[in-house]
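Chemist: What follows is a predicted protein model with its sequence.
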Amino acid sequence: MKPTDNNDAKGAPIFDKKLSRREMLRLTGASGLGLLLGGSSVGGILAAREATGRAASAPQVSSADVIPFYGSHQAGILTPAQNFLCFAAFDLTTTRLADVQKLLQSWTAAAAALTSGSLIGSANDNPNLPPTDTGEADGLTPSKCTLTFGVGPAMFDGRFGLAAKRPSTLADLPPFAGDSLEPQWCGGDLCVQACADDMQVAFHAIRNLARIARGTAVLRWTQEGFQRTGNADPKGGTPRNLLGFKDGTGNPDVTDDAEMREVVWCGSESPAWMQGGTYMAVRRVRLRIEVWDRSTLSDQEATFGRHRQSGAPIGATDEFAKLNLEAADAEGKPVIPPDSHSALAHGDGTVKMLRRSYSFSSGMDLTTGQLDAGLLFISFQKDLVKQFVSIQKRLSKNDRLNEYMVHTGSAVFACFPGVREGGYIGETLLG
Ligand SMILES: C=CC1=C(C)c2cc3[nH]c(cc4nc(cc5[nH]c(cc1n2)c(C)c5CCC(=O)O)C(CCC(=O)O)=C4C)c(C)c3C=C
Ligand SMILES: [Fe+2]
């Protein structure tokens, strides 16, 4: 694993290094939090931690457990996917740009604390006040928590005087064949993607950010997600989705900077405020797992164009073998069905995206008795139209997988460039 955008100030990787509390505060910028939340800065935070006994009871924070919040790009994009996701879309309830600015400043300070395992704010031991931190992550390690922030196209609708700044690629996705979108899983003015190796840590982050937003923004929709944990798969192979197939094999290499600039990071072709940022496409896809479970292994493999056990393209044995869409059998029939998911998604191989999806299971559909389970598909790309839309158009028309899935939610967000200590997330747009 290469810490692509999360190195320390000298450019040295911060992994495998024990951090003192002073280093931890410098790294995460938690020192600004007390000021923003009306507390008394570093001293206040440290005093609060000691007063609550957290420092004594908390496990020692290893740097391997911390993904730095500050950097040239936001974390949670190239970061190897953590085990759990708590995704939240918010609607703004204010029409004043200054309120949005203030919210993002407060979120920045809170995010620096949350991703370092610190309590939020300094008023955590005053018996006469509600504690500033809700407390359920007290004593837990940071668990590689990342918080990734974005703005949706609705932010540019005229409420905030930002219409002229909307990048042309940032627009609600067009309708695709077979869509069955439900408004409660769509859209949002702002989003926060919280990922961590512990669900309680990820949930705590979203809960506290929502709490800080009160009076300025409210939750619109949320979705929790999971992958297998590091404990269950110590070798860290490609995770499997709920259909039993390895999912993520064909992703571009996040350690290849040139490829990331080509596929993910916005450059000089984008408005200045998005340079170093990226666009996120989110689709809540319900999987018809009961139908899938009745299909044969060979049907399943033909659906993806890959072998289930190894993840290799049909006809190959190595998971990472190239998809050879020209290969034909003795009768001249393509070895990999042209309408398989991999073949259609791959196309001629020139249009790529970085997928970072999570499985979800949200209980049962009481009307059918079927599980409401599937994939919260998340992809990052520098151009939504040229990348996500062009691939999804192909898939929605012909993909064999369509028989087993239905898209129920949809949203797109512009994920800001990373933030330097002293700045705030979204500053390039709102500052
Ligand atoms: C528009 C983009 C895509 C959507 C929506 C999508 C949904 C979706 N995918 C799977 C499972 C797999 N996808 C795989 C490969 C793959 N999928 C996309 C794009 C979308 N998928 C791309 C670009 C690729 C890579 C193609 C390539 O160049 O090789 C695979 C194969 C293994 C892998 O490469 O990850 C699986 C499995 C599900 C279950 C799903 C919706 C629920
Ligand atoms: Fe896919």
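Modeler: Yep, it's here. Ligands and ions are numbered 1, 2, ... in the order given.
Chemist: ok, which stretches of the stretch 301-431 of the chain are strands?
Modeler: 354-355, 358-365, 370-381, 405-415 (DSSP state E, counting those that start in this stretch).
Chemist: Partner strands of the longest one and their direction?
Modeler: Meaning strand 370-381. Using DSSP bridges, strand 370-381 pairs in its sheet with strand 278-287 (antiparallel), strand 354-355 (antiparallel), strand 358-365 (antiparallel).
Chemist: Just the buried positions in it, please.
Modeler: Across strand 370-381, burial judged by 16 or more other CB atoms under 10 Å covers Leu371, Ala373, Gly374, Leu375, Leu376, Phe377, Ile378, Ser379, Phe380, Gln381. Bear in mind the C-beta positions are built from the backbone N, C-alpha and C, glycine included.
Chemist: Out of those, which is nearest to ligand 1?
Modeler: Leu375 (3.8 Å; CB to the nearest ligand atom).
Chemist: looking at the strands paired with strand 370-381, which is buried most?
Modeler: Each of these was assessed for mean neighbour count using mean count of other CB atoms under 10 Å. The highest is strand 278-287, with a mean of 24.
Chemist: Just the C-alphas of that one, formatted as CSV.
Modeler: C-alpha atoms of strand 278-287 as CSV (Å, rounded to 0.1, in the frame of the first residue of the first chain):
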residue,chain,number,x,y,z
THR,A,278,-12.6,14.6,-8.4
TYR,A,279,-16.3,13.8,-9.2
MET,A,280,-18.1,11.1,-7.3
ALA,A,281,-21.0,9.0,-8.8
VAL,A,282,-23.1,7.1,-6.3
ARG,A,283,-25.7,4.5,-7.3
ARG,A,284,-27.7,2.5,-4.8
VAL,A,285,-28.2,-0.8,-6.6
ARG,A,286,-30.5,-3.4,-5.1
LEU,A,287,-29.4,-6.9,-6.0
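Chemist: I'd like the next helix or strand past it.
Modeler: Downstream of strand 278-287, the first helix or strand assigned by DSSP states H and E is helix 289-292.
Chemist: and that next one, what other elements does it pack with?
Modeler: Here helix 289-292 touches strand 370-381, going by 3 or more CB pairs under 8 Å, 6 or more residues apart in numbering; DSSP states H and E.
Chemist: Would you mind getting the angle between the strand it packs on and strand 405-415?
Modeler: 40 degrees (axes from the mean of the first three to the mean of the last three CA atoms, to 10 degrees).
Chemist: near ligand 1 at all, strand 370-381?
Modeler: Yes: using CB under 6 Å from any ligand atom, strand 370-381 reaches ligand 1 at Gly374, Leu375, Phe377.
Chemist: which residues sit in contact with the first one?
Modeler: Pointing back at Gly374 there. By CB atoms under 8 Å, 6 or more residues apart in numbering, the contact list for Gly374 reads Leu242, Arg284, Val285, Arg286, Leu287, Ser359, Phe360, Met405, Thr408.
Chemist: do Leu173 as well
Modeler: Neighbours of Leu173 in contact, by CB under 8 Å, 6+ apart: Ala281, Leu384, Phe388, Val389, Gln392, Ser410, Val412.
Chemist: which residues touch the second one?
Modeler: The one in question is Leu384. So Leu384 contacts Thr169, Leu170, Ala171, Leu173, Tyr279, Ala281, Val412 (CB under 8 Å, 6+ apart).
Chemist: And Val100, how far from Ala89?
Modeler: Between Val100 and Ala89 the distance is 15 Å, computed by CB to CB, to the nearest Å.
Chemist: how many other residues sit next to Lys397?
Modeler: 13 (other CB atoms under 10 Å).
Chemist: just use 26 as the starting number from now, easier for me
Modeler: Yes, from this point I'll number from 26; that puts the last item at Lys422.
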